[in-house]
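Student: Need coordinates for the below:
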Amino acid sequence: MIVSQETSSLITSLQDFSKKKLQHADDLAALIEISKLRNQAHMLEDLSFISKFLVNTRSVMERIGRDGEGYDKLSFQFSENLEKASTFVRLLVKEAPEEVKRHFISTYFGMTPGALTLLMELLYDISWLKNWNIDHSSTAG
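Tutor: Predicted structure coming up:
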């Protein structure tokens, strides 16, 4: 998918901001571009919020372990929000060019053992968008 110079610049800035931790920068760029073209910036913003929640929740769950206090509640919230995030990604790519749609479906929603891992990596990348927005909204104006 061809992305605008504005989106390319944002991805470059996000790569720098994340200290080169983005693993699916091209797919993140596609989601950003699609959200702009379809006037769905609010959906991408909601997705970035949920992604940040998921990344942080997963980290807490790994730290406290299955026997840790509150793990079951966190696990439930994690599953619920993972479904929401998955739905948002699907909605964003629904109207994308066919090759982009096929790529997202086979990569992140395929019936493969690694699809969930790849989806979590993409959500991690999207969470950097939320971090970026938080950091840059507090320094603006």
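Student: Output the below-cut-off pLDDT ranges for the protein.
Tutor: Low-confidence segments of the chain, defined by pLDDT under 70: 138-141.
Student: For this structure, which segments count as helices?
Tutor: With helices called from DSSP state H, the chain shows them at 5-17, 25-37, 41-64, 71-94, 98-108, 115-139.
Student: export those helices to a markdown table and tack on mean neighbour count?
Tutor: C-betas here are computed from N, CA, C, even on glycine. Converted to a markdown table, those look like this (neighbours: other CB atoms under 10 Å):
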| stretch | mean neighbour count |
| --- | --- |
| helix 5-17 | 15 |
| helix 25-37 | 20 |
| helix 41-64 | 17 |
| helix 71-94 | 15 |
| helix 98-108 | 15 |
| helix 115-139 | 17 |
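Student: Look up phi and psi at the most far-flung residue of the chain relative to its centre.
Tutor: Relative to the centre of the chain, the most outlying C-alpha is that of Asp67, 28.2 Å out, by CA atoms, centre = their mean. Backbone torsions of Asp67, given as degrees, to the nearest 10, read phi -90, psi 0.
Student: give the contact list for it.
Tutor: Neighbour list for Asp67: empty [criterion: CB atoms under 8 Å, 6 or more residues apart in numbering].
Student: Go ahead and confirm Leu118 touches Ser106.
Tutor: No: contact criterion CB atoms under 8 Å: Leu118 and Ser106 do not qualify, at 10.1 Å.
Student: which residues sit in contact with Arg58?
Tutor: The neighbours of Arg58, taking CB under 8 Å, 6+ apart as the test, are Phe78, Met120.
Student: make it 10 Å
Tutor: Contacts for Arg58 were tallied using CB atoms under 10 Å, 6 or more residues apart in numbering; they are Leu74, Phe78, Leu82, Met120, Leu123, Tyr124.
Student: same check, this time on Glu80
Tutor: Contacts of Glu80 by CB under 10 Å, 6+ apart are Ile50.
Student: Next one: it from Leu22, what distance?
Tutor: 26 Å (CB to CB, to the nearest Å).
Student: hmm, back to that, got any residues that touch both of Leu118 and Ser106?
Tutor: Contacts common to Leu118 and Ser106, judged by CB under 10 Å, 6+ apart, are Thr112.
Student: Perfect, that will be all.
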